[in-house]
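Participant: Generate a structure from the sequence data that follows.
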Amino acid sequence: MNILKHSVAIVVIMSFVVFATPILAQQGEIMAGRVAGEQAARTNVSGMAWMAIGCVGNVLGVVIAYIYEPSPSALQLMGKSPEYVAAYNDAYKETAKKVQTGKAWIGCITFSVVYVLLYVLAYSAAASTY
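Facilitator: From the prediction side, this is the model:
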C-alpha cells in the first residue's frame, strides 16, 4: 500500500514536470525578451536629440515625444521565438517612450529656466539704466 502511495505521488510530480516545463521555458523567453528590449531601448534612444527637441519645441516637443512611437531594429529579432519578439517589442517601446519623454521634459524645463533667467537679467539691466 505504501508503494502505491509513493508511485501515485511520483506520477503526479512527473506529470507536473512534463506539463510545467514548456510553460516555464516560455516564461523564460518572455523575461529574456523584456530584459533585452529594455537594454536596447536605453542604448538606442538618443537622449541628447530628445533634449534638443524638448528645448527647441518646448511643450510641443514634449507632446511629440509622447506621440512618437519608436520601433526596434528587426535584425536583432531574427530567429527568435514569437514570445521573445512580442516581449522585446513591448519592452522596447515602453522603455524608449519613457526615455524620450523624460529627456524632452528635461529639455523643456531647461529652456524655460534659461529663458526666465535671461528675462530677469535683461529686465534688471534695463531697469538699472533708468
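Participant: From here on, just use CA atoms for contacts and neighbour counts.
Facilitator: Fine.
Participant: Could you check how many residues crowd around residue 100?
Facilitator: Using other C-alpha atoms under 10 Å, residue 100 is surrounded by 29 other residues.
Participant: With the one 10 residues further on instead?
Facilitator: Burial of residue 110, expressed as a neighbour count using other C-alpha under 10 Å, amounts to 15.
Participant: Mind checking the pLDDT average for the helix or strand containing it?
Facilitator: In this structure, residue 110 sits in helix 82-129 according to DSSP states H and E. The average pLDDT for helix 82-129 rounds to 89.
Participant: Counting by contacts, list what that helix packs against.
Facilitator: helix 2-44, helix 47-57, helix 59-67 (3 or more C-alpha pairs under 8 Å, 6 or more residues apart in numbering; DSSP states H and E).
Participant: the inter-axis angle of it versus helix 47-57?
Facilitator: Calculated by axes from the mean of the first three to the mean of the last three C-alpha atoms, to 10 degrees, helix 82-129 forms an angle of 50 degrees with helix 47-57.
Participant: got the contact list for the closest residue to residue 101 other than its chain neighbours?
Facilitator: Sequence neighbours aside, residue 65 is the residue nearest to residue 101 in space, at 5.1 Å (criterion: C-alpha to C-alpha, 6 or more residues apart in numbering). Going by C-alpha atoms under 8 Å, 6 or more residues apart in numbering, residue 65 touches 50, 97, 100, 101, 104.
Participant: residue contacts, the spatially most central residue of the chain?
Facilitator: Nearest to the geometric centre of the chain sits residue 95, at 0.7 Å (C-alpha atoms, centre = their mean). Going by C-alpha under 8 Å, 6+ apart, residue 95 touches 38, 41, 42.
Participant: Any of those residues buried? List them.
Facilitator: Among these, those scoring as buried are 38, 41, 42 (criterion: 16 or more other C-alpha atoms under 10 Å).
Participant: Go ahead and confirm the last one touches residue 99.
Facilitator: Yes: in this structure, residue 42 sits in contact with residue 99. The criterion is C-alpha atoms under 8 Å, and the distance is 7.2 Å.
Participant: What secondary structure category should be reported for residue 71?
Facilitator: coil (DSSP: H, G, I helix; E, B strand; the rest coil).
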